[in-house]
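**Student:** Give me a model of this one.
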Amino acid sequence: MRSVLALGRFMRRSNPCLLAGAVLALARSGPASAGPPFVTDDPEPAAFQRVELNMAAQATLVKGARGGNFPNLDINYGAASDLQLHFSLFVPLQHVRGAGTAFGYGDTELGVKYRFIAEDEEGWRPQVALYPSLDLPTGRASQGLGSGHDRVYLPLWLQKSVGDWQSFGGGGYWFNRAGDSRDYWFAGWALLNKVTPHWTLGGELFHQSADLERAPAQGGNGISTRASSGFNLGGYYNIDDDRHLMFTFGRGLQNSSETNQFSVYVGYQLIL
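**Tutor:** All right, here's what the predicted structure looks like:
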């Protein structure tokens, strides 16, 4: 997600005529705990004293550009029964038509997931968690490999399971104001079904408000740009309880040529 946001800013700086093709990342870490491979996350932390490794490649195509993370490493540790510590690193690869290709280390994400309401397995009470995170600007923003400033995300996630069905979602607010960037909202919801002991499949819908301000026209007000909505389909192939193959593919439903003509995520989850 972060790398494609950075690509949009790089396109604006590198070639103004590519402004309309500035990319919004909708292929997050997207991700991987029912988060990755989905953009929508869930409230369930990693098991106590277990490490969850999510290793993935992800890509997004828009008009005039393509970009992604090759790889994205997502590490979660169960520090307590309802508390997870989170670390993610990204290695973006970006290509903008007419402006070249950039590859290197991207921004770094730190987070803490705290589940403060447990699910009632016999009733209808969902589990609920807060999952604040901090993005550190470790990538080179001038080459589209990072945002160029700190960003803070404050989301709330819910989940309810009934038989082989699992539904989760929520959203939150990104503190993202720096330069022409603006704060924005994200919301999403996913539904999964354990089709067989090995296959868990489903999909998600999500929406993100505009994250940039465009300079005002003469006599007018500033215009927010690049709000986006989209969907992903995919799931997991469960090799066993500790090893999972993950995948999604999808596209944007709003401003898709500028935000997400097609996106794909392929990953491997290992629980230690």
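**Student:** what's around Val195, how many residues?
**Tutor:** 12 (other Cβ atoms under 10 Å). From N, CA and C alone the C-beta is placed, and that goes for glycine too.
**Student:** Name the nearest residue to it, ignoring sequence neighbours.
**Tutor:** Leu201 (5.5 Å; Cβ to Cβ, 6 or more residues apart in numbering).
**Student:** again, but for Gly148
**Tutor:** Ala141 is the one closest to Gly148 (Cβ to Cβ, 6+ apart), at 3.1 Å.
**Student:** Give me the below-cutoff pLDDT ranges for the stretch 101-250 of the chain.
**Tutor:** 213-225 (pLDDT under 70).
**Student:** Can you list the residue ranges for strands in it?
**Tutor:** 108-117, 127-130, 133-136, 151-162, 165-175, 184-194, 199-208, 212-214, 223-225, 228-240, 243-254 (DSSP state E, counting those that start in this stretch).
**Student:** strands paired with the second one, and their directions?
**Tutor:** Right, the one you point to is strand 127-130. strand 108-117 (antiparallel), strand 151-162 (antiparallel) (DSSP bridges).
**Student:** Which residues belonging to the longest one are considered buried?
**Tutor:** Same thing as strand 151-162. The neighbour-count check on strand 151-162 (16 or more other Cβ atoms under 10 Å) flags Arg151, Tyr153, Pro155, Trp157, Leu158, Gln159, Lys160, Ser161 as buried.
**Student:** can you redo the strands of the stretch 101-250 of the chain as a markdown table with distance to Tyr268?
**Tutor:** Shown next, in a markdown table, are these (distance: least, Cβ to Cβ, whole Å):
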| stretch | distance to Tyr268 |
| --- | --- |
| strand 108-117 | 19 |
| strand 127-130 | 24 |
| strand 133-136 | 22 |
| strand 151-162 | 23 |
| strand 165-175 | 21 |
| strand 184-194 | 18 |
| strand 199-208 | 15 |
| strand 212-214 | 34 |
| strand 223-225 | 36 |
| strand 228-240 | 9 |
| strand 243-254 | 6 |
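**Student:** what's the closest of these to Leu83?
**Tutor:** strand 108-117 (5.6 Å; Cβ to Cβ).
**Student:** Please identify the buried residues of stretch 236-247?
**Tutor:** Applying 16+ other Cβ under 10 Å to stretch 236-247 flags Tyr236, Asn238, His244, Met246, Phe247 as buried.
**Student:** hmm, who's touching it?
**Tutor:** Outside stretch 236-247, the residues that touch it by Cβ atoms under 8 Å, 6 or more residues apart in numbering are 32, 36-37, 54, 56, 197-200, 234-235, 264-272.
**Student:** So among those, which ones count as buried?
**Tutor:** For these, buried by 16+ other Cβ under 10 Å: 32, 36-37, 54, 56, 200, 234-235, 264-269, 271.
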